[in-house]
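Trainee: Return atomic coordinates for the entry below.
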Amino acid sequence: RPSPGEALQWRDSLEKLLQDPYGLASFHSFLRSEFSEENAEFWVACEDYKKTKSPVKMAEKAKKIYEEFIQTEAPKEVNIDHFTKDVTMKNLAEPSPSSFDMAQKRIFALMEKDSLPRFVRSEFYQELIK
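Mentor: The predicted structure follows:
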């Protein structure tokens, strides 16, 4: 469990929140309660994907991420615009560590602008900073 001081830093930095295992778990639980956990799950999947070295594994993971989060009617479809979706699909023709960068940045911005302020106001977060 983080100290109240550490948890306080999450208010101003979604990046710090997502990099802290407890912060990520807390945020994920909060998003689940709001039925929007796919955003955090997509972000985590992209981070994992970028660390993949093997081209074969990369192609497998890219396909899985696409099917789970990007394609229309995907089980955990994230809310990205058509342009971003098209760019991402084109990138997947030749998967590289940056294939999902644009989509990941869009989802990060959405979480930062939308979900983070609600998380910070939640009872759960308020308990952490006491």
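
Trainee: The most centrally placed residue in the chain is in what secondary structure piece?
Mentor: For the chain, the residue nearest the mean C-alpha position is residue 43 (2.3 Å; CA atoms, centre = their mean). Using DSSP states H and E, residue 43 sits in helix 38-50.

Trainee: Next, the buried residues of that helix.
Mentor: For helix 38-50, burial by neighbour count (16 or more other CB atoms under 10 Å) applies to 38-43, 45-46, 49-50. For glycine as for every other residue, the C-beta is placed from the backbone atoms N, C-alpha and C.

Trainee: ok, and the helix or strand in the chain with the lowest average confidence?
Mentor: Lowest by mean pLDDT, DSSP states H and E among the helices and strands of the chain is helix 123-128, with a mean of 91.

Trainee: wait, what's in contact with the most far-flung residue of the chain relative to its centre?
Mentor: Centroid-distance maximum for the chain: residue 130 at 26.7 Å, with CA atoms, centre = their mean. In this structure, residue 130 makes contact with residue 4, judged by CB atoms under 8 Å, 6 or more residues apart in numbering.

Trainee: can you tell me how far it sits from residue 61?
Mentor: Applying CB to CB, to the nearest Å, the value for residue 130 to residue 61 is 40 Å.

Trainee: For the nearest residue to residue 45 once chain neighbours are set aside, give me its contacts.
Mentor: Spatially, and ignoring its direct neighbours in sequence, residue 45 is nearest to residue 65 (5.1 Å; CB to CB, 6 or more residues apart in numbering). Residues in contact with residue 65 (CB under 8 Å, 6+ apart) are 42, 45-46, 49, 100.

Trainee: Repeat the analysis, applying 10 Å as the threshold.
Mentor: 41-42, 45-46, 48-49, 71, 74, 88, 92, 95, 99-100, 103-104 (CB atoms under 10 Å, 6 or more residues apart in numbering).

Trainee: and which of those residues is nearest to residue 126?
Mentor: Comparing the contacts of residue 65 against residue 126 with CB to CB places residue 41 closest, at 24.5 Å.

Trainee: Great, nothing more from me.
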